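Novice: Predicted model, plus sequence, below.
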There are 2 protein chains.
Amino acid sequence: MEPSASNSMQPDHCLEKAHMEVHQVAPPPHRSTIQKLNSRLKETFFHDDPLRQFKGQPLEKKWILAAQYIFPILQWGPNYSFKLFKSDFVSGLTIASLAIPQGISYAKLASLPPIVGLYSSFVPPLVYAVLGSSRDLAVGPVSIASLILGSMLRQEVSPTSDPLLFLQLAFSSTLFAGLFQASLGLLRLGFIIDFLSKATLIGFMAGAAIIVSLQQLKSLLGITHFTKQMELVSVLSSVFHHTNEWSWQTILMGFCFLVFLLLARHVSMKKPRLFWVSAGAPLASVILSTILVFAFKAQRQGISVIGKLQEGLNPPTWNMLHFHGSYLGLVVKTGLVTGIISLTEGIAVGRTFAALKNYQVDGNKEMMAIGLMNVIGSTTSCYVTTGAFSRSAVNHNAGAKTAVSNIIMSVTVMMALLFLMPLFQYTPDVVLGAIIVTAVIGLVDIQAACQIWKIDKFDFFVMVCAFFGVIFVSVQSGLAIAVGISLFKILLQVTRPKTVILGNIPGTDIFRNLHHYKEAMRIPGFVILRIEAPINFANTTYLKERTLRWIDEYETEEGTKKQSSIHFLILDLSAVSSIDTSGLIATNTSLSLTLQLVLVNPVGEVLEKLQRADNDRDMTRPGTLFLTVGEAVAALSSTMKGQSSSYV
Amino acid sequence: MEPSASNSMQPDHCLEKAHMEVHQVAPPPHRSTIQKLNSRLKETFFHDDPLRQFKGQPLEKKWILAAQYIFPILQWGPNYSFKLFKSDFVSGLTIASLAIPQGISYAKLASLPPIVGLYSSFVPPLVYAVLGSSRDLAVGPVSIASLILGSMLRQEVSPTSDPLLFLQLAFSSTLFAGLFQASLGLLRLGFIIDFLSKATLIGFMAGAAIIVSLQQLKSLLGITHFTKQMELVSVLSSVFHHTNEWSWQTILMGFCFLVFLLLARHVSMKKPRLFWVSAGAPLASVILSTILVFAFKAQRQGISVIGKLQEGLNPPTWNMLHFHGSYLGLVVKTGLVTGIISLTEGIAVGRTFAALKNYQVDGNKEMMAIGLMNVIGSTTSCYVTTGAFSRSAVNHNAGAKTAVSNIIMSVTVMMALLFLMPLFQYTPDVVLGAIIVTAVIGLVDIQAACQIWKIDKFDFFVMVCAFFGVIFVSVQSGLAIAVGISLFKILLQVTRPKTVILGNIPGTDIFRNLHHYKEAMRIPGFVILRIEAPINFANTTYLKERTLRWIDEYETEEGTKKQSSIHFLILDLSAVSSIDTSGLIATNTSLSLTLQLVLVNPVGEVLEKLQRADNDRDMTRPGTLFLTVGEAVAALSSTMKGQSSSYV
């Protein structure tokens, strides 16, 4: 697509006709440093302008709005109707039937007493109903946070030999998780969870699901001496080194219930109207298996059961929080990791369903709600809770309209705590294992993985790293590796920004990438480059060297055909959103040794800095600054023709 | 600047006339995944296309070019003339007169025997003369690398109680520094040093200069019990807790020579032609002070002297390299930090003078040269060396033409090592202290700091952090803090990319930022946003929420005047250089709930991914994809008028 002699005239000609008047680059409106800092801080921390509804309201109205802002229940509460209640009641009962068996199972996953899982399904939903702004979130303990909490604490304290200390550390970690979550929201640093990209999360969740399922082999096979490690290799070697402990009764029972639960899940996935099949199946399994064990006295056949559970509501635990001594570091670290993971799940779930029903969820406010819920939870025998994906989906499908469904669930769990505890005494562990496996299997999202492969190979790579990191190294390392790679990619993008060489689309004054638009043509005597990133210290060297190569390549190509040379280097700065001192110094020095450097359309901030950096160069001097590439080319090619009539 | 009813018609009208034909967005040329990966890797690691000179050459010529590429001496060697030699001879002698006293001083700064400084001024310059491509670099030990090497090793080993081990560790660190530098060059990871921004370096160097000067208080005041700490507070407290050790003879002598050296420096700075005044002053001071001490037997008056130096050339030290045991970690860490710092200085110096004389320095090749120089140095009694800023400036001013001046310097140092060592026996430490202070004082660049304050307040903040980090915490922490803040700023820019609302400049089809160009006007019914960053996981949430706020603000503003609503959301994607899966999912879902989403000019990669992500949506369907904002507005406003004649 080299321009022939006659063609190359055409755009020039056309441009000159089209632009009789040349538009000036305007200096940006003046703002002081304080004003700039102010607007920068606002864009960074208050970009969603959460207080805009307060503007221009009378004082009384402002108080009401503030109360509604802090307690969203005041927004929808007054308009609550019996019709809404009917929907919420059904969905509340549905998620309660899931929450009870899952609560017990997840507490065991975290190496905590099963009853703590039920306590955690009672208080936090009530707190969230008052403070939370999502209408679909079903709050309670979740698999991944339970897994991480358990595995991190087990590294230093044994839950079997020192159960009281382990429990104290779990509650303390929950307190720190809550404080961390709430302060992220309060300081409006919610964007930190954005650094867990979708690809990272898919890989991480799939890996975690496999790790969780592998842990269930202990109860599914009836092994008593199981490894404390989490990663694939040691779990599998532990499983096959204890084949003598495998119990056929346990395996048979586990297999039957697993098949039943998976079938129920399959039915509900095929027909979303039948959501209650998979929602009720866990509770049905628990009841059925408990009856079976009780009837056949199967606990004597080597089938292990939960054992006695204490009746009654959550005991206060503020006196069990543990802030001193050698475990403080462990507790803070565990709180941080579980806090950020559970926050990510909760916010993602909230946003997903808000998008489906077309309402807004304020991320920072949600963080405060989830954080406070965990702070209060840690003083009332609850461990880390958040919005659970699977239960929220059931809640949504069951027709939940408001957070009242959480209250219904909470009340149901309360009833269970008060009156039904003796019934769980004979519930076999193997059924809890089957329930967990069925619950986490949905976290392996193969379809999404295929989609990512199709769209972006690098994202796929990040996903695979997260997945293998989790299953072969550890849950935390897998996550850290994936986040590290994602950040490295961003830094690499900044270090190697795109530069594009532009050509004119004949008959217009549009300039587009020469290597993308075949009809675009070079204009002899000009190298027109577009820089597509902020110019800063990390990429100035690259940009300088890359520009020199563009010029070099152009000259070599041109040189083979006719004796022409480049007079102007036009840099289109439209897409350069900012520039720093290193960038300025580079722009002002070596680039323009032999060519005349022309800048096009710098944005306000960049223009201002260019001017301040270079008092000698008058920016308004004609011929160095233009509003569009077209105008620059038109104006400069006429001067070029005037100067050297031998050329063109 | 609200558009009045009559005004708002004008741009529409003009646009429709100007664009009779609408240009299609072309699909990008097809490339396979391998091709894409290939070109991506090339842009990342071989952006300067170092092998382009080899293209199309006959095989024999290729061999010659390859040899010249590896040994730049073969490039300029054959054309070397007596005229060039005269210049190089003068400059070589000049820098030798600096290198001898500075070499001794810097070795003492690193707690190494003074003679090691001279060894390091003999072998490395010879290696660099063969491998290096800079013509002005004067190679040898430098102050900052010496300071860091000494301070890092002193944390674990005492140079006074175990001098042999200390020396072994210093040579081993030098080996690792060299290996690290060479491998950065070989793996083409040279861009890592770009992450030390100019602001960071200015703050860091000023802080280091102050730390180095404070250390000299030991010799300048004649204190014998001096702290091993480096930071300001403990050094000052150590100085004032040992006032009884202050020796007036030492202070007097130090003061006189310091004034003499600073005056000489001042003269040379005022008149660059008199460069030899400051270049010769250190050697003159050494000679004069040695004679004084010898004549007055001043070493008995409490003036400490260097003592006996071993005559002879560098002994081999490959048997002193230390790879095992508990010090390996220390050695590797020290090698890494000193390696990257000295590399940064060497490359920066090389680039500065290359730019002055208008020749190219290949960063990655220089890294290999400096790295090999240190690897060879570590086996011949040399510690970390690089291109020194002050000596290179003298070299340049003295008229050096090629690396032969390094050879002249090296030969001169060799002569000194062979014959002059006994003369240094009575050289007082206080004069070496004065030489160091004079040398590092030039690292405090107040003018550059003021310039940075004027241009970019954030860069200034980074600089101040580096400065105070170095003087109050430690040299390494100061650097780490500054780099951390710089990276955080980049990440924040990615997380909070600029979005700009565009308006039409009347009478043209140019669209520019409404808040910058006062004459730009809104087009009723349209919200036109320009996104100025790659869309990725870290900013999708922000972009979504910010876009909703733009629309909201627009509607509020419009609503107060007349009953109009927005029909189209035009996203100008020209500046979006890439997009990832998270970004795609966001683009495809919630943004376009009530408005019709129109995309303008996506670049090739983005277009391709948009298409692959969304098979349902036909990208070529008319009215969803345009080449310019002007064409989109023209085409859509005509359909809008056709549909709802009541509007406008």
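Specialist: Noted; the coordinates are in hand. Being a predicted model, the structure only gives us computed values, none of them experimental.
Novice: Buried residues, the longest helix along chain A. List them.
Specialist: Ranked by residue count and defined by DSSP state H, the top helix of chain A is helix A:328-357. Going by neighbour count (16 or more other C-beta atoms under 10 Å in any protein chain shown), the buried part of helix A:328-357 is A:330-332, A:334-347, A:349-355. C-beta: built from backbone N, CA, C; applies to glycine.
Novice: Look at the closest residue to A:S304 other than its chain neighbours and report its pLDDT.
Specialist: Spatial nearest neighbour of A:S304, excluding adjacent residues (C-beta to C-beta, 6 or more residues apart in numbering or on different chains): A:D429 at 4.8 Å. Looking at A:D429, its pLDDT is 85.
Novice: Quick one: residues contacting A:D429.
Specialist: By C-beta atoms under 8 Å, 6 or more residues apart in numbering or on different chains, the contact set of A:D429 is A:108, A:219, A:303-306.
Novice: coming back round to it: which neighbouring elements make contact with the helix or strand following the longest helix of chain A?
Specialist: Heading C-terminal from helix A:328-357, the first helix or strand you meet, by DSSP states H and E, is helix A:363-378. Contacts defined by 3 or more C-beta pairs under 8 Å, 6 or more residues apart in numbering or on different chains; DSSP states H and E place helix A:363-378 against helix A:123-131, helix A:163-186, helix A:328-357.
Novice: go again using 10 Å as the cut-off
Specialist: The contact analysis (3 or more C-beta pairs under 10 Å, 6 or more residues apart in numbering or on different chains; DSSP states H and E) places helix A:363-378 against helix A:59-70, helix A:123-131, strand A:139-140, helix A:163-186, helix A:328-357, strand A:386-387, helix B:540-559.
Novice: Buried subset of the contacts of A:D429, written for ChimeraX?
Specialist: Applying 16+ other C-beta under 10 Å to the contacts of A:D429 leaves a buried subset, and the ChimeraX line that selects it is:
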select /A:108,219,303,304,305,306
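Novice: what residues are up against the closest residue to chain B within the stretch 351-500 of chain A?
Specialist: Residue of the stretch 351-500 of chain A nearest chain B, by C-beta to the nearest C-beta: A:K498 (4.3 Å). Residues near A:K498 by C-beta atoms under 10 Å, 6 or more residues apart in numbering or on different chains: A:513, A:530-533, A:546, A:575, B:43, B:534, B:575, B:577-578, B:603, B:605.
Novice: mind giving me JSON lines with those residues and columns for secondary structure and pLDDT?
Specialist: Output for those, formatted as JSON lines (DSSP: H, G, I helix; E, B strand; the rest coil; pLDDT from 0 to 100):
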{"residue": "A:N513", "secondary structure": "strand", "pLDDT": "84"}
{"residue": "A:R530", "secondary structure": "strand", "pLDDT": "87"}
{"residue": "A:I531", "secondary structure": "strand", "pLDDT": "86"}
{"residue": "A:E532", "secondary structure": "coil", "pLDDT": "81"}
{"residue": "A:A533", "secondary structure": "coil", "pLDDT": "80"}
{"residue": "A:R546", "secondary structure": "helix", "pLDDT": "83"}
{"residue": "A:A575", "secondary structure": "coil", "pLDDT": "81"}
{"residue": "B:E43", "secondary structure": "helix", "pLDDT": "76"}
{"residue": "B:P534", "secondary structure": "coil", "pLDDT": "82"}
{"residue": "B:A575", "secondary structure": "coil", "pLDDT": "81"}
{"residue": "B:S577", "secondary structure": "coil", "pLDDT": "80"}
{"residue": "B:S578", "secondary structure": "coil", "pLDDT": "81"}
{"residue": "B:V603", "secondary structure": "coil", "pLDDT": "79"}
{"residue": "B:E605", "secondary structure": "helix", "pLDDT": "78"}
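Novice: Going by neighbour count, which of these are buried?
Specialist: Applying 16+ other C-beta under 10 Å to the contacts of A:K498, the neighbour count classes A:513, A:530-533, A:546, A:575, B:534, B:575, B:577-578, B:603, B:605 as buried.
Novice: Sort out which one of the residues you listed lies nearest A:F323 for me.
Specialist: Of all the buried ones among the contacts of A:K498, B:P534 has the smallest distance to A:F323: 43.4 Å, by C-beta to C-beta.
Novice: tell me the phi and psi of the closest one?
Specialist: The phi/psi pair for B:P534 (degrees, to the nearest 10) reads phi -60, psi 140.
Novice: okay but it is in contact with A:Q493, surely?
Specialist: Yes: between B:P534 and A:Q493 there is a contact under C-beta atoms under 10 Å: 5.9 Å.
Novice: Give me the common contacts of the two.
Specialist: A:533, B:494, B:577-578.
Novice: Could you pull out the strands in chain A for me?
Specialist: For chain A, the strands defined by DSSP state E occupy A:139-140, A:386-387, A:499-504, A:511-513, A:526-531, A:568-572, A:596-600, A:625-626.
Novice: Out of these, which is the most enclosed?
Specialist: Looking across these with neighbours counted as mean count of other C-beta atoms under 10 Å in any protein chain shown, the highest average goes to strand A:139-140: a mean of 33.
Novice: That one: partners in the sheet, and parallel or antiparallel?
Specialist: Counting by DSSP bridges, the strands paired with strand A:139-140 are strand A:386-387 (antiparallel).
Novice: What are the contacting residues of the strand it pairs with?
Specialist: If you take C-beta under 10 Å, 6+ apart as the criterion, strand A:386-387 is touched by A:124, A:128, A:132, A:134, A:136-142, A:144-145, A:177, A:181, A:338-339, A:341-350, A:352-353, A:366, A:369-370, A:373-374, A:395, A:406.
Novice: Just the angle for the longest helix of chain A relative to helix A:163-186, thanks.
Specialist: Counting by axes from the mean of the first three to the mean of the last three C-alpha atoms, to 10 degrees, helix A:328-357 lies at 50 degrees to helix A:163-186.
Novice: Helix A:328-357 packs against which elements?
Specialist: When contacts are defined as 3+ C-beta pairs under 10 Å, 6+ apart, helix A:328-357 sits against helix A:143-154, helix A:163-186, helix A:198-215, helix A:363-378, strand A:386-387, helix A:389-397, helix A:475-495, helix B:540-559.
Novice: now these as JSON lines including distance to B:L443?
Specialist: Shown next, in JSON lines, are the helices and strands packed on helix A:328-357 (distance: least, C-beta to C-beta, whole Å):
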{"stretch": "helix A:143-154", "distance to B:L443": "46"}
{"stretch": "helix A:163-186", "distance to B:L443": "41"}
{"stretch": "helix A:198-215", "distance to B:L443": "43"}
{"stretch": "helix A:363-378", "distance to B:L443": "44"}
{"stretch": "strand A:386-387", "distance to B:L443": "52"}
{"stretch": "helix A:389-397", "distance to B:L443": "56"}
{"stretch": "helix A:475-495", "distance to B:L443": "27"}
{"stretch": "helix B:540-559", "distance to B:L443": "40"}
